[in-house]
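J.: need a structure here:
(one chain, ligands or ions: 1)
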Amino acid sequence: MISKRFSAAAETYDRHARPQLALAQSVISMLPEMYPEQILELGAGTGQLTRLLTDRFPEVLIDAVDLAEKMVMHSRARFHRFPHISWIVGDAQTWRGTDPYPLIVSSAALHWTADLKATFENIYANLEPGGIFALGMMLKGTLRELHDLRREIAPAKAPQNTLPTFEETKACLQAAGFKLERRKHSEEEILYDNASAFLKAIHEQGVTGGKVSAGNAPLTRTELGQLVADYQENYSVDGGVFATYETATFLLTKA
Ligand SMILES: C[S@@+](CC[C@H](N)C(=O)[O-])C[C@H]1O[C@@H](n2cnc3c(N)ncnc32)[C@H](O)[C@@H]1O
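T.: Numbers count the residues shown, from 1 in each chain. This next block holds a predicted model:
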C-alpha cells in the first residue's frame, strides 16, 4: 500500500519536497567529522539525502534501500553517474546487509514503518559497534491544520493512525539500545501559493494516501471542495496559506 503510493509519486516528488529537503540537510549537519567506508540509507526515495551524502562523502559506497520498487528504479536511473550507489528494494523493518555498517542514515521515511520499535531494533542490528545512526523524522504535529479541518468536515473519515510524537520516537530509539548523542526538535510553517496548491503539493509528495493525512475512505468531491475553501479561509497569511511541519533529528550511537 505505502510502496504503491510512493511509486506513483516518484516522478513528481522532488518538485514539492521542501520540508523533506530541510530535514535531509539537518541530518547531514548533525554528523560528526568522519569518513565511513560504507553507508546504509533507509527510505532513500528520490535521493534527496543521498545527493547530500555524495557531496559530503564523495566516492563512499552507499546502499540506498527503499520499499517502493518504482522509486528505486527511478533513482537508479537518475543516479546512473554514481556507480558507488547501490539501489535496493527492501523494508527498513526487516532488511539486513551482509556486514554491519559504520554509518546508517534516514530522513523523512521511518515514520511510515508499521512498527517503529522493531524497525529501530533492525537498524541497531545493521550498525557496527561504535557506529552512528543519523535520523530525521516527521512527527505528529505535521499538517495539523489539515487534520483539524478534515476532522470537522468528515469526522467519520478521520485518519486511523497518527505519526509518532517526539517522546515516543525517543523512547523507541532508547528501547532498541541506541545511545542518544544529540537531538533537535523543530516546528516550521511552510508557505504555499493557495490551498489548492498546498493540497496538490502534499499529494505529489505521496503523503495524502497514507497515515499522515488520509482517512479510511476518500473525501467526496463536495467535501474536498469545502476543505479547499475552509483551508484558504482559516490558514491564509500574506502571500498564501501555511502548513505546519513538526520534525526531529537524532544523532545516535551503538555502544
Ligand atoms: C517522503 S519519502 C523521503 C525520501 C528521502 N529520504 C528524502 O529525504 O527525500 C519517504 C520514502 O520512504 C520510503 N519508505 C516508507 N516506508 C519504508 C520502509 N518501511 N522501508 C524502506 N523505505 C520506506 C517510501 O517508499 C518513500 O520513498
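J.: and L180, that's in a helix?
T.: No: with DSSP: H, G, I helix; E, B strand; the rest coil as the criterion, L180 is strand rather than part of a helix.
J.: Neighbours of it, how many?
T.: Each residue near L180 was counted by other Cβ atoms under 10 Å, and the total is 12. For glycine as for every other residue, the C-beta is placed from the backbone atoms N, C-alpha and C.
J.: separation between it and F250?
T.: Taking Cβ to Cβ, to the nearest Å as the criterion, L180 is separated from F250 by 7 Å.
J.: what residues are shared contacts of those two?
T.: Residues touching both L180 and F250 (Cβ atoms under 8 Å, 6 or more residues apart in numbering): 170, 173.
J.: Quick one: residues contacting E37.
T.: Here E37 is in contact with 60-61, 102 (criterion: Cβ under 8 Å, 6+ apart).
J.: What about those, which one has the most neighbours?
T.: P102 (18 neighbours).
J.: and after the strand or helix carrying that residue, which helix or strand comes next?
T.: Taking DSSP states H and E as the definition, one finds P102 inside strand 101-107. Following strand 101-107 in sequence order, the next helix or strand is helix 116-126 (DSSP H and E).
J.: Downstream of that next one, the next helix or strand is which one?
T.: From helix 116-126, the next helix or strand downstream (DSSP H and E) is strand 127-138.
J.: is the ligand contacted by that following strand?
T.: No: using Cβ under 6 Å from any ligand atom, we find that strand 127-138 stays clear of the ligand, coming within 7.2 Å at best.
J.: count of neighbours near I104?
T.: 26.
J.: what sits against it?
T.: For I104, the contacting residues are 39-42, 123, 126-127, 131-134, by Cβ under 8 Å, 6+ apart.
J.: Now with 10 Å, please.
T.: Each residue near I104 by Cβ atoms under 10 Å, 6 or more residues apart in numbering is listed here: 36, 39-42, 63, 92, 97, 123-124, 126-128, 131-135, 252, 254.
J.: Please enumerate the strands of the chain.
T.: 38-42, 61-66, 85-89, 101-107, 127-138, 179-192, 236-237, 240-253 (DSSP state E).
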